Each structure stands twice: as structure tokens, then as C-alpha cells.
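>>> pasting the sequence and the predicted coordinates here, then a few questions.
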Amino acid sequence: MMSNSRLCEQIHGMMRHGLRSGTGMDQADAQRSYATSTDYEMKAKRRQIVVENITCPEAKRLKIMSGIDHDKTKEQQKMLSKQLIVGIERWESAAQALLSEANHGIPTLTEIGRTGRRQQDKENLETQLEAERARTANLTRAVITIEMIESEAKGTDLSNDRVLRLGEERLALRAKLTEMSIKKYWDKMKVPSGKMPGKWIIRQAWRSFPKLHKIVYRSDKASPVRTKGEALKLLGSYLSKTKYLAKNICEFMYGIRGKDNAVAKRDRLIEQVDILEKLKYFRVIVEEESDEISMSAARRAVSSFGRVDSHYGYALNNSSGDNNENDKDDEVNDSDSDTDEIGEEVDGNAPRFIS
């Protein structure tokens, strides 16, 4: 069972929680005093009427335990009217006796208006305004010029404005490198129709990861990568190893994140993807689309004109007209070659990632 002091504290908290802002403290105290004394005694007498009407001892015990309403029956309501009449007569006689005494302490309406809550709030607001005026009385204000603003701006260190520090191009490159460093990027890569997913993904990864064959070991006798699952497994191993290396370098430069001596991320000039690019573990390949020129189509276009200056047609005249290779459109080499799509030869000593 809780102590009396703790019980009183809980009751006090409930009373404060139920207090309305428009009700004064004196009025709230009077309402609670009435509810806990006069009103409680009147309800107890009305409940006693129901208890007295129960004849069975067992039913009487159960009825008392289950709780009894104080205003449900006609007899209880009649008794409530009598109690109110008697209570009003007692209160009126007590109030007249109190007012007849000198210095009774009951304030008048004028005194309530002069010393009430609204007046207290007005006085408190005026005190706060006076304190604010006192704090601002000794402030000195100077005219700020454009030169002063420029000087202050030049002397202020940039903290989190990465666009001004690195530029949009560098930030876009970082975003692309970060995207490439996630295995899900390669898993969701769109494969052109007619291409094998495994061979296509590993060929694109070979272009973006020049040191793939140096980080992930594969035997010389291993068969080329053909399935998508095998390609993603190799890429996952490469990404985890290279990012772990870059993470250790960053922690050596800026400290371990969460430690007291660690440099805040917004103040770092180099991130993990920058290290991967500098060490040439990652690189971004920019796809440049260019329309191929067909020599046969060019000749048909020139012959359609009535007269062509020799200056514009000398290249076509000097070219070999009998060479069938010049008349055909350029075709992309099949993926079964030993060179990658950017024209660099695959290291002969490296394992055959690409078939």
C-alpha cells in the first residue's frame, strides 16, 4: 500500500490536470471542498436508503460490494430535493453570520477586479516588457555596408555547402560512383534483348572496374562467366574488398566515426568513392552516341544533286568504290572477342572473366 504522502501527491497532480484556466484557485478549492465533504455525505445518505431496503443478508452483502447509485430511484430523488433545501438554509444562515462580523475577509467585486487573475497577468506582462527594454537599452547598432558583408562572407569557412566547395560536376560523379558501388545496381541493370545477362553484366563491370581481375582471384583454367548469379557473386566480392580498403583509409585520415577525435562528415574533403576513383578501382564510362556514316548512302546523296563542286566530292572519289566493307554499315563485334568494348585489350595473364 502506498504511503499517505505519495497518495496526496497523486491527488494533487490529478487536481492540477483537471484545473480549467478560467477558474480561479479559490473557486477550485471551494468546489473540491464541497465535493469531498458536503456532497459526499449527501450521496452516502441516499445510498443508505437502497441498502436498508435489501432484506437478504447475502444479497445485501453482494449489493454493497457491487456499488450503489445515489440518484436512480424516486425515493432517492425526493431525498435529494430535501437535502438541497436544508443545505441552502444552512449556507444562507452561515453566510449572513460571517458577513455581519467586522473584517470578515471576503473581497468585494471591485477588489476582485483590481487584484484578480487578469490584473496579475497584466502586471506580469508589463514586468517582462520592462526587463526587455532594459536589456536592449545599451545595445549599439551600426550601419552595415556591402563591403562589410563581402568581407565577412570571404572570411567565413564553408561547412555544408558542397556545391560551392566541389561543384555540380564533381557531386554528380560522386553520385554515380556511389550508385556503382552497390551490388543492387548491377542486379537491376537492364540487359538488351538478345544478350546473355551474365556475359553482359560482367562485360559492363569490366569497363567500370579495371582491376577486377587483380582483386578477385580466378584460376586460369576457370570457365568464362556466363550466368547472372556467377557475375553478381564476383562483383559482390570485388565491391566488398575495395570498399573495405577505402573505409580503412578514410578512418586513418579522419578518425573512426563516433569517436571524439573524428572529423565531422560535412568537413571532409575526400570520401570513400573518391579514394576508389583515385586508386583506379572505379571509373565512370561516359557513353557517347555517334551516328555512323554509310559510304553508299553518302554517294547516293551526292549523286542526287545536278552539280557538285569537286572540293566536296574529292573524299568520295579517292575512296575505293569496289571495297565492299566500305559499303556496309558498321556492326558491333560479337561478345566472344578478347577485347573489351572500350578498345582496351584484356590482360593475357588475367583470368578470363569475359568469354
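Done, it's in.
>>> how about the CA coordinates for the helix or strand L7 falls within, as PDB?
Here L7 sits within helix 4-17, counting by DSSP states H and E. Provided in PDB are the C-alpha atoms of helix 4-17 (Å, rounded to 0.1, in the frame of the first residue of the first chain):
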ATOM      1  CA  ASN A   4       0.000   8.900   2.600                       C
ATOM      2  CA  SER A   5       2.400  11.400   1.100                       C
ATOM      3  CA  ARG A   6       2.600   9.700  -2.200                       C
ATOM      4  CA  LEU A   7      -1.200   9.400  -2.300                       C
ATOM      5  CA  CYS A   8      -1.600  13.100  -1.600                       C
ATOM      6  CA  GLU A   9       1.000  13.900  -4.400                       C
ATOM      7  CA  GLN A  10      -1.000  11.800  -6.900                       C
ATOM      8  CA  ILE A  11      -4.300  13.500  -5.900                       C
ATOM      9  CA  HIS A  12      -2.600  16.900  -6.200                       C
ATOM     10  CA  GLY A  13      -1.400  16.000  -9.700                       C
ATOM     11  CA  MET A  14      -4.900  15.000 -10.800                       C
ATOM     12  CA  MET A  15      -6.300  18.200  -9.400                       C
ATOM     13  CA  ARG A  16      -3.800  20.300 -11.300                       C
ATOM     14  CA  HIS A  17      -4.500  18.300 -14.500                       C
END
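>>> what is the mean pLDDT for it?
Taken as a whole, helix 4-17 has an average pLDDT of 83.
>>> mind listing the helices for the stretch 101-250 of the chain?
109-115, 117-136, 146-154, 162-166, 168-180, 183-187, 197-208, 212-215, 228-254 (DSSP state H, counting those that start in this stretch).
>>> now tabulate those in TSV and tack on mean pLDDT.
Below are those laid out as TSV (pLDDT from 0 to 100):
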stretch	mean pLDDT
helix 109-115	75
helix 117-136	86
helix 146-154	87
helix 162-166	58
helix 168-180	85
helix 183-187	90
helix 197-208	88
helix 212-215	87
helix 228-254	91
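>>> need those helices in CSV with mean neighbour count, can you?
No exception for glycine: its C-beta is placed from N, CA and C like everyone else's. Below are the helices of the stretch 101-250 of the chain laid out as CSV (neighbours: other Cβ atoms under 10 Å):
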stretch, mean neighbour count
helix 109-115, 10
helix 117-136, 10
helix 146-154, 9
helix 162-166, 12
helix 168-180, 14
helix 183-187, 14
helix 197-208, 20
helix 212-215, 18
helix 228-254, 17
